[in-house]
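Novice: pasted the sequence and its predicted model underneath.
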Amino acid sequence: MSAWNDHSLTVAMQSAFGTANVTDADYDAQALLAEVPSVSFDTEVTELDLMTGQVGAAAERIIGRRSGTLGFKIPLEGFASDYDPGNDDPGAAPVTAAVEIIPLWLALLGNAMGSNNTATSSNANFVRGLHLHNNTYTAAGMASGTASTIVLDANPAAQLYSPGSLVVAALSDTNTAPQIGWVETKGDPSAVTLALFEAAVNDVNDNDANIYGTSTAYASAEITDTNPLGFRWTGPNTVLCYDLLDAIADNVKLSWESGEVPTAEFSFKFYDFRLNKADGGLVVPSSYTRIPKLIGSVNARATIDGDNQCGLEAASWEWSATHRVTKCHGSSSGISAVEVIKPRIKASFSIPHDTNDKGYNAAGVESAGLGQHVWQSSLELGTRHSLGCYVGSQVGRIWSFLIPSGLVTSVQVADRDGAVAYTVEVEAASYSADESDDAAETKLTCPINSIARVAVG
């Protein structure tokens, strides 16, 4: 007899809800380098006050559907450890790398947020990240630029460096001062200028600089095409395995705490499970680079309205949604479909009150006298704010998120280590400032005007 002490968690896309992926190779290549998962089984039980005929005898329970929840936390990864930027493009088959270029956590996040989910017709497409927006490498692709613009040498292929996607320029893949930014507008194809949403930390401005591959997950209406997933939770023996089937995310929380490696905490609801005594065993995850800790020496910064903002703590980014189930007598689990509805994305943080903080009157005009603090004023007047976070000093280990237009939904005053501070929540709101002269770039197939984006480069 052997106890279940060690764990692996693997994932594969299902072809449809209610259809388990039973291809062992799909799972074996897709292990998550995460903390030990939190798994909870939920079996519907109805207790009736039946007459048992004996005093104190337990009444029979009426047992219904099976379901459960799965949670796990991942320190964020960049591209494959042996990623070669000149040969390996995100979204394409690896040439030099031994594994898929894009890390699994980003594929999972893109599936949850919607991205271009109709592009994932198979598990192979899912792990390759075809539902994400992928920019490819262009050698010496920069003509010139500023901290806020990148001028390309030539007109790129359609939907390359689209508005809403992350772009990275650097003199080499080992250069420690890359230019990292989100494309806001894409100019005339005859002389393409990429205007960035906000100024980058570094201004490369060199005709010899390369434009590097990036992969962006983004919020889109294709959340209606969320792909159901199957997870295998396994132990060190062949007989130690649970299949967690028809899994769909309901919450993803990213941390962006200063001085720490960012993490992603996933929560899934699965609608069926079964013991699998044939496919257990531990699986070694594929090797990916680690996103560095959020400090200035690796070009980290957090921005509010385009300005570097210090003093932020308890910083998180969170996607959440509600599930609406379609019950079906003929389905193996009693449920034939799950819709993902009411998706919301918010960022929250704590920020201290500072003597330089602005106050505003009831008309939203800055006031030197009586008024409301900037965050309270924003809550009351519906003032929009952008939020961003960036980190990375080496190609392949760059990470960023952007909420281009957020509404303040909660402001609380609190004591933080003896100082007055505000706990603020900002929810991603409607946004339409992205522009492109490339007619092929629409919100159906790229992140233009998406309300929130997360990327690796």
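Specialist: Ah, there it is.
Novice: which residues of the stretch 301-450 of the chain fall in strands?
Specialist: Remark: strands assigned in the stretch 301-450 of the chain by DSSP state E, counting those that start in this stretch are 301-304, 307-308, 313-327, 335-352, 359-360, 372-373, 384-391, 399-416, 419-428, 435-436.
Novice: touching, residue 432 and residue 449? I think so.
Specialist: Yes: Residue 432 is within contact range of residue 449, at 5.2 Å (criterion: C-beta atoms under 8 Å). Placement of C-beta: from N, CA and C, glycine included.
Novice: more neighbours, these two?
Specialist: The neighbour comparison of residue 432 against residue 449 (other C-beta atoms under 10 Å) goes to residue 449, with 20 against 11.
Novice: for the more buried one, which non-adjacent residue is closest in space?
Specialist: Of all residues not flanking residue 449 in the chain, residue 434 sits nearest, at 4.7 Å (C-beta to C-beta, 6 or more residues apart in numbering).
Novice: quick check: that neighbour vs residue 101, distance?
Specialist: 26 Å (C-beta to C-beta, to the nearest Å).
Novice: so the two - more neighbours on which side?
Specialist: More crowded of residue 434 and residue 101, by other C-beta under 10 Å: residue 101, with 30 against 24.
Novice: before we move on, the earlier item: quick check: the residue nearest to residue 449 touching residue 451?
Specialist: No: Residue 434 is beyond contact range of residue 451, at 10.8 Å (criterion: C-beta under 8 Å).
Novice: find residues that contact each of these two.
Specialist: Both residue 434 and residue 451 are contacted by residue 404, under the criterion C-beta atoms under 8 Å, 6 or more residues apart in numbering.
Novice: among the strands of the stretch 301-450 of the chain, which is the most enclosed?
Specialist: Mean neighbour count (mean count of other C-beta atoms under 10 Å) peaks for strand 384-391 among those, with a mean of 22.
Novice: mind listing what residue 410 touches?
Specialist: 379, 423, 424, 425.
Novice: same thing but 10 Å
Specialist: Residues in contact with residue 410 (C-beta atoms under 10 Å, 6 or more residues apart in numbering) are 346, 348, 375, 379, 422, 423, 424, 425, 426, 427.
Novice: which helix in the chain runs the most residues?
Specialist: The longest helix of the chain (DSSP state H) is helix 104-113.
Novice: in three-state terms, label residue 97 for me.
Specialist: coil (DSSP: H, G, I helix; E, B strand; the rest coil).
Novice: that one: what's its closest spatial neighbour, skipping adjacent residues?
Specialist: Excluding the flanking residues, the one nearest residue 97 by C-beta to C-beta, 6+ apart is residue 80, at 4.2 Å.
Novice: that neighbour: neighbour count?
Specialist: Residue 80 has 23 nearby residues by other C-beta under 10 Å.
Novice: run through the bridge partners of it.
Specialist: residue 288 (DSSP bridges).
Novice: what about it, distance to residue 266?
Specialist: Going from residue 80 to residue 266 by C-beta to C-beta gives 21 Å.
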